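Peer 1: my questions concern the predicted model and sequence given below.
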Amino acid sequence: MSVIAAFYGGKSILITGATGFLGKVLMEKLFRTSPDLKVIYILVRPKAGQTLQQRVFQILNSKLFEKVKEVCPNVHEKIRAIYADLNQNDFAISKEDMQELLSCTNIIFHCAATVRFDDTLRHAVQLNVTATRQLLLMASQMPKLEAFIHISTAYSNCNLKHIDEVIYPCPVEPKKIIDSLEWLDDAIIEEIAPKLIRDWPNIYTYTKALGEMVVQQESRNLNIAIIRPSIVGATWQEPFPGWVDNINGPNGLIIAAGKGFLLAIKTTPMAVADLIPVDTAINLPLAVGWYAAVHRPKSMLVYHCTSGNLNPCNWDKMGVQVLATFEIQIPLERAFRRPYADFTTSNFTTQYWNAISHQAPAIIYDFYLWLTGRKLRMTKVMNQILRTASMLEYFLNRSWEWSTYNTEMLMSELSPEDQRVFNFDVRQLNWLEYIENYVLGVKKYLLKEDMAGIPEAKQHLKRLRNIHYLFNTALFLIVWRLLIARSQMARNVWFFIVSFCYKFLSYFRASSTLKV
Ligand SMILES: CCCCCCCCCCCCCCCCCCCCCCCCCC(=O)SCCNC(=O)CCNC(=O)[C@H](O)C(C)(C)COP(=O)(O)OP(=O)(O)OC[C@H]1O[C@@H](n2cnc3c(N)ncnc32)[C@H](O)[C@@H]1OP(=O)(O)O
Ligand SMILES: NC(=O)C1=CN([C@@H]2O[C@H](COP(=O)(O)OP(=O)(O)OC[C@H]3O[C@@H](n4cnc5c(N)ncnc54)[C@H](OP(=O)(O)O)[C@@H]3O)[C@@H](O)[C@H]2O)C=CC1
């Protein structure tokens, strides 16, 4: 029997960000392994025309929750969606709901955040810093609270090369930033943002670092732990391999490569691709929640949830495997070109590829759409992909060392059964198999493509390959013909090649005649 699963039995658990990528997987695992838990409170806002109930209904009826419904048939009764907007004072939670949360909650998993790299400083501070402070204030009024687990990111200190499992101070106090945002207007805030974030690559990582500082400063006598996952990817094993449902992190680029939109990207091939499967990234907080509540460590512990130092994989290996899977086994439907990718570290080559292989074909394709009276779209899609690629460049061209002392220590504290049920040992991960399942998951669960369409997609790739060869041959012949017409040197080379071939063939024919 799993000690951790038993620990969550009968508990009231509060999750923020439960409608997000990590939040959904966390909720699924809790219901599947501890179906006897009392209730999961989730703080949700209405979105895209859907009420809270519709959002919860959609999540519970998704493929991800299929196994949960078998193990925990009354899952609908155990989930309590509470209206909340983390951008508002007191999260806009009603008095009655607030009372219930304060008096009943045993464990908090704080996953909500804005993960956009290009968010405004005001919004990112509000969500990643102020809301965290507000939640800690709420937590301090919860008499039954046993543990508060804060999900941060391994890149919150990506301005450093070696990162330990400690909280590093930010140059400016979070409180000062929160206070000044109250009276500064948006234009000024955006002007000072680059000066504030200094050597952080974007507002997201900077505000996550501020969020950690707030957790440290406002921890009072709470039992808190911080988890820092690196780049979170599709599920490895649970509830089934390859599940993924958003275009963040690598997902958008994987699609762009598979569809043949993206043929090159500025990447250091040997840099470590520090991916972590989402099921691993939630098993660790679940184990930490148990450990913090039961063992009550004297100080707040930080846990790195990374793969680089235990089971490294580089971008080259990852890129090659992604492309091979698309090309040979699981092509995407209606690809624009054959999946192919070049890794370049030079700015000049990147600009060249962007102009010749990305923007020019997009413009030509849009011209064709215009001629045939259809809506232009390729240039917009291509610009979006190139913008995303340039935002991710920072992470594709650097490697970090994260120490994992606390994570490994926790691993050794678990019983063999818990090590199996709440596995976060990435040393057991087979990258090639994982990437294959990941690519399959992108096709099946993210793009919702039918597997029955694979033969047709393969035929389409074959046609694209033939068009590619035909196009290259025609281009070569045209260029060569023009060169011969205009340059004496080209004519000499041509003459040399033809006479060499002729001599070689004559010699070959003569020697075979002699043998007879
Ligand atoms: C060898 C490799 C070389 C490869 C060679 C070539 C390829 C070879 C193969 C590939 C190799 C494999 C690895 C690849 C490298 C991975 C690197 C990963 C590094 C990650 C580091 C992360 C570190 C930190 C980790 C963390 O700690 S945390 C999380 C990280 N955070 C993020 O990852 C957010 C980033 N992104 C943004 O910040 C925003 O995305 C932004 C970018 C500003 C754009 O923003 P924008 O242009 O506005 O575009 P979007 O709004 O995003 O959407 C755009 C459109 O897609 C639509 N759409 C949104 N959803 C969906 C959805 N489900 N389904 C369908 N559509 C959707 C949306 O409707 C909109 O369509 P529309 O409405 O325009 O028609
Ligand atoms: N994905 C990754 O690669 C990594 C993620 N992390 C961290 O993990 C955590 C979860 O990330 P992930 O699941 O990927 O992010 P998502 O963007 O998928 O989910 C974010 C969650 O926060 C909620 N949220 C955002 N704004 C509000 C608001 N104003 N009020 C209420 N809820 C809000 C969203 O709700 P709604 O659905 O309504 O928008 C959603 O549930 C974050 O803290 C992130 O920093 C760390 C490392 C890597």
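Peer 2: Perfect, I can see it now. Numbering: from 1, shown residues only. Ligands and ions are numbered 1, 2, ... in the order given.

Peer 1: can you pull the contacts of the one residue in the stretch 51-200 of the chain that gets nearest to ligand 1?
Peer 2: As assessed by C-beta to the nearest ligand atom, ligand 1 sits closest to residue 153 within the stretch 51-200 of the chain, at 3.2 Å. (Each C-beta comes from the backbone N, C-alpha and C, glycine too.) Under the criterion of C-beta atoms under 8 Å, 6 or more residues apart in numbering, the contact list for residue 153 reads 204, 205, 208, 228, 229, 230.

Peer 1: what helix or strand is the fourth one on?
Peer 2: Which is residue 228. When secondary structure is defined using DSSP states H and E, the element that contains residue 228 is strand 224-229.

Peer 1: next secondary structure after that strand?
Peer 2: Elements were assigned by DSSP H and E; along the chain past strand 224-229, the next helix or strand is strand 231-233.

Peer 1: what residues does the stretch 51-200 of the chain have near ligand 1?
Peer 2: The stretch 51-200 of the chain comes close to ligand 1 at residues 115, 116, 117, 118, 153, 155, as judged by C-beta under 6 Å from any ligand atom.

Peer 1: and residue 317, how many neighbours?
Peer 2: 16 (other C-beta atoms under 10 Å).

Peer 1: state the pLDDT value of it.
Peer 2: As summarised for this prediction, residue 317 has a pLDDT of 96.

Peer 1: which residue is the nearest non-sequential neighbour of it?
Peer 2: Taking C-beta to C-beta, 6 or more residues apart in numbering as the measure, residue 317 lies nearest to residue 431, with 6.8 Å between them; neighbours along the chain are not counted.

Peer 1: can you tell me which residues contact the one you found?
Peer 2: Contacts of residue 431 by C-beta under 8 Å, 6+ apart are 311, 313, 317, 318, 321.

Peer 1: so which of the residues you listed would count as near ligand 1 as well?
Peer 2: The overlap between the contacts of residue 431 and the neighbours of ligand 1 (C-beta under 6 Å from any ligand atom) comes to residue 318.

Peer 1: contacts made by stretch 414-423 with the rest, please.
Peer 2: For stretch 414-423, the surrounding residues in contact (C-beta under 8 Å, 6+ apart) are 1-5, 33, 237, 280, 283-284, 286-287, 411, 425.

Peer 1: if you set the cut-off to 7 Å instead, what comes out?
Peer 2: Contact partners of stretch 414-423, identified using C-beta atoms under 7 Å, 6 or more residues apart in numbering, comprise 1, 2, 3, 4, 5, 33, 283, 286, 287, 411, 425.

Peer 1: and the end-to-end length of stretch 14-24?
Peer 2: Between the start and the finish of stretch 14-24 there is a gap of 13 Å, counting by C-alpha to C-alpha, to the nearest Å.

Peer 1: do it and ligand 1 come into contact?
Peer 2: No: under the criterion of C-beta under 6 Å from any ligand atom, ligand 1 is not reached by stretch 14-24; the shortest gap measures 8.4 Å.

Peer 1: so for that stretch, mean pLDDT?
Peer 2: The predicted model assigns stretch 14-24 a mean pLDDT of 98.

Peer 1: domains in this protein, as residue ranges please.
Peer 2: According to the domain assignment given by automatic domain parsing, the chain is divided into the following structural domains: 3-240+272-312+401-424, 460-515.

Peer 1: before we move on, back to that, ligand 2 next: which of the contacts of residue 153 are close?
Peer 2: Residues of the contacts of residue 153 in contact with ligand 2 (C-beta under 6 Å from any ligand atom): 208, 229.

Peer 1: look up how far ligand 1 lies from the spatially closest residue to residue 8 that is not a sequence neighbour.
Peer 2: Here the nearest residue to residue 8 in space, its sequence neighbours aside, is residue 34; by C-beta to C-beta, 6+ apart that works out to 3.8 Å. Using C-beta to the nearest ligand atom, to the nearest Å, we find residue 34 at a distance of 27 Å from ligand 1.

Peer 1: quick check: residue 34 vs residue 280, distance?
Peer 2: Residue 34 sits 18 Å away from residue 280, taking C-beta to C-beta, to the nearest Å as the criterion.

Peer 1: ranges for the strands of the protein?
Peer 2: 12-16, 39-44, 79-83, 107-110, 147-151, 162-163, 224-229, 231-233, 264-266, 275-277, 301-305, 342-344, 401-402 (DSSP state E).

Peer 1: any chance of those in CSV, plus mean neighbour count?
Peer 2: Formatted as CSV, the strands of the chain follow (neighbours: other C-beta atoms under 10 Å):
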stretch, mean neighbour count
strand 12-16, 24
strand 39-44, 23
strand 79-83, 17
strand 107-110, 26
strand 147-151, 25
strand 162-163, 15
strand 224-229, 26
strand 231-233, 24
strand 264-266, 22
strand 275-277, 26
strand 301-305, 25
strand 342-344, 17
strand 401-402, 18
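
Peer 1: determine which of these approaches residue 246 most closely.
Peer 2: Proximity to residue 246 (C-beta to C-beta) singles out strand 231-233 among the strands of the chain, at 10.0 Å.

Peer 1: hang on, residue 343 packs against residue 269?
Peer 2: Yes: using C-beta atoms under 7 Å, residue 343 is in contact with residue 269, at 4.7 Å.

Peer 1: shared neighbours, the two?
Peer 2: Common neighbours of residue 343 and residue 269 (criterion: C-beta under 7 Å, 6+ apart): 315, 316.

Peer 1: nearest to residue 352 among the domains of the chain would be which one?
Peer 2: The stretch from the domains of the chain with the least distance to residue 352 (C-beta to C-beta) is domain 460-515; that distance is 17.0 Å.
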